[in-house]
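Engineer: no FASTA, just this:
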């Protein structure tokens, strides 16, 4: 089948249906209710409070890194909104989804920053300076087509869910666990919306949809990869088991590919078969890299065990997670 020229119009009824389902399933929650205000104290500055010191933080370094990366990523929401509004449009069901998604995502940065400030978990001055630097850079996806954009957000929302939830699992603070679980639940609903929308795109034109998905999987980067100091933080986060190549392969890519029926779909043309082969090779390469990285992390843990805090138990599999 040849993909319709106006894919936005072709998929709009599906967007409308999935948006109605999403709104019915999405719970109402309030960021202020997840912030431990009773633990907060004034900082130095106009209020003449107590300056931040490193020994005030009770978080392991890898968990603090993960929370900072997650927050700074969420802070760049204005750029993400611009990207998807430009690609999806601001009218009809597509526009209604863009604005709803933006409103829900906006809660995450408010809640995470409030938690980090109240618990004095990170240096607030360094955090603000990095926010200014990161948001000032903006974000540009450079997606080649609407299908590429949809494929990216489908993968990215599940990856973000895993990053938030596993950060909470690695943290000894029950307040942080509640907050990250709440944010992860939002990301889960967003992923389900995009996953089911991409399923509809695959049905319209399997070859084009799988080709776009292969492009995204083979070049995937999280939107926060331009955060200052990201590589060093990502290394500590990966070594701790919060988010690494193995998590990305087993708990993000593999379940999505199963849900979309990528590896079992019949009737593909040459382009679709080639895309599926590329995806298979990428999964094999990720497995090899993950095994190599794990050996490196094991050696690092032996020499500096205090720097790494593994999750208290393995992350739940995609199938074990509660649905919307």
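Structural biologist: In hand now; what should we look at? As the structure is a computational prediction, the values presented were derived from the model and not from experiment.
Engineer: secondary structure element holding the most centrally placed residue in the chain?
Structural biologist: Residue closest to the average C-alpha location in the chain (CA atoms, centre = their mean): residue 160, at 1.6 Å. Secondary structure from DSSP states H and E places residue 160 in helix 146-169.
Engineer: so what pLDDT did residue 145 get?
Structural biologist: Residue 145 carries a pLDDT score of 91 in this model.
Engineer: ok, the one 5 residues further on next?
Structural biologist: According to the prediction, residue 150 has pLDDT 96.
Engineer: go on, residue 1?
Structural biologist: 39.
Engineer: coming back round to it: residues in contact with the residue nearest to the centre of the chain?
Structural biologist: Each residue near residue 160 by CB atoms under 8 Å, 6 or more residues apart in numbering is listed here: 70, 73, 187, 222. C-betas here are computed from N, CA, C, even on glycine.
Engineer: low-confidence ranges in this protein?
Structural biologist: 1-5, 304-324 (pLDDT under 70).
Engineer: where do the helices sit along it?
Structural biologist: 7-25, 61-75, 77-88, 92-118, 124-137, 146-169, 174-204, 206-218, 230-240, 245-248, 254-260, 270-303 (DSSP state H).
Engineer: could you identify the most distant pair in the contacts of residue 160?
Structural biologist: 187 and 222 (12.5 Å; CB to CB).
Engineer: so those two - more neighbours on which side?
Structural biologist: residue 187 (22 against 18; other CB atoms under 10 Å).
Engineer: the closest residue to that one other than its chain neighbours and residue 28, how far apart?
Structural biologist: Excluding its sequence neighbours, the residue lying closest to residue 187 (CB to CB, 6 or more residues apart in numbering) is residue 161, at 3.8 Å. Noted for residue 161: a distance of 19 Å to residue 28, by CB to CB, to the nearest Å.
Engineer: what about the two, which has more around it?
Structural biologist: A count of neighbours by other CB under 10 Å puts residue 161 above the other of residue 161 and residue 28, at 23 against 4.
Engineer: which residues are in contact with the more buried one?
Structural biologist: Going by CB under 8 Å, 6+ apart, the list of residues near residue 161 reads 184, 187-188, 191.
Engineer: most neighbours among those residues, which one is it?
Structural biologist: residue 191 leads those on contacts (other CB under 10 Å) with 24 neighbours.
Engineer: closest one of the contacts of residue 160 to residue 96?
Structural biologist: If you rank those by distance to residue 96 using CB to CB, residue 187 comes first, at 19.5 Å.
Engineer: the closest one reaches residue 154, doesn't it?
Structural biologist: No: with contact defined as CB atoms under 8 Å, residue 187 does not count as touching residue 154 (11.9 Å).
Engineer: now do the helix holding residue 160: distance to the chain's middle.
Structural biologist: 4 Å (CA atoms, centre = their mean, to the nearest Å).
Engineer: next, the angle helix 92-118 makes with that helix.
Structural biologist: Relative orientation of helix 146-169 versus helix 92-118 (axes from the mean of the first three to the mean of the last three CA atoms, to 10 degrees): 30 degrees.
Engineer: would you mind listing the buried residues in helix 146-169?
Structural biologist: 146-169 (16 or more other CB atoms under 10 Å).
Engineer: ok, now stretch 168-180?
Structural biologist: For stretch 168-180, the neighbour count (16+ other CB under 10 Å) marks 168-171, 173, 175-177, 179-180 as buried.
Engineer: from residue 191, how far off is residue 179?
Structural biologist: 19 Å.
Engineer: with residue 286 instead?
Structural biologist: Distance from residue 286 to residue 191, by CB to CB: 19 Å.
Engineer: picking up where we left off before, so how far is residue 25 from the residue nearest to the centre of the chain?
Structural biologist: Counting by CB to CB, the gap from residue 160 to residue 25 is 18 Å.
Engineer: residue contacts, residue 172?
Structural biologist: residue 58.
Engineer: from here on, count from 165
Structural biologist: Taking 165 as the first residue, the last one we looked at is residue 336.
Engineer: quick check: chain neighbours aside, which residue is closest to residue 195?
Structural biologist: residue 275 (3.7 Å).
Engineer: number of nearby residues for that neighbour?
Structural biologist: By other CB under 10 Å, the residues close to residue 275 number 22.
Engineer: need the contact list for it.
Structural biologist: Residue 275 touches 195, 198-199, 343, 346-347, counting by CB under 8 Å, 6+ apart.
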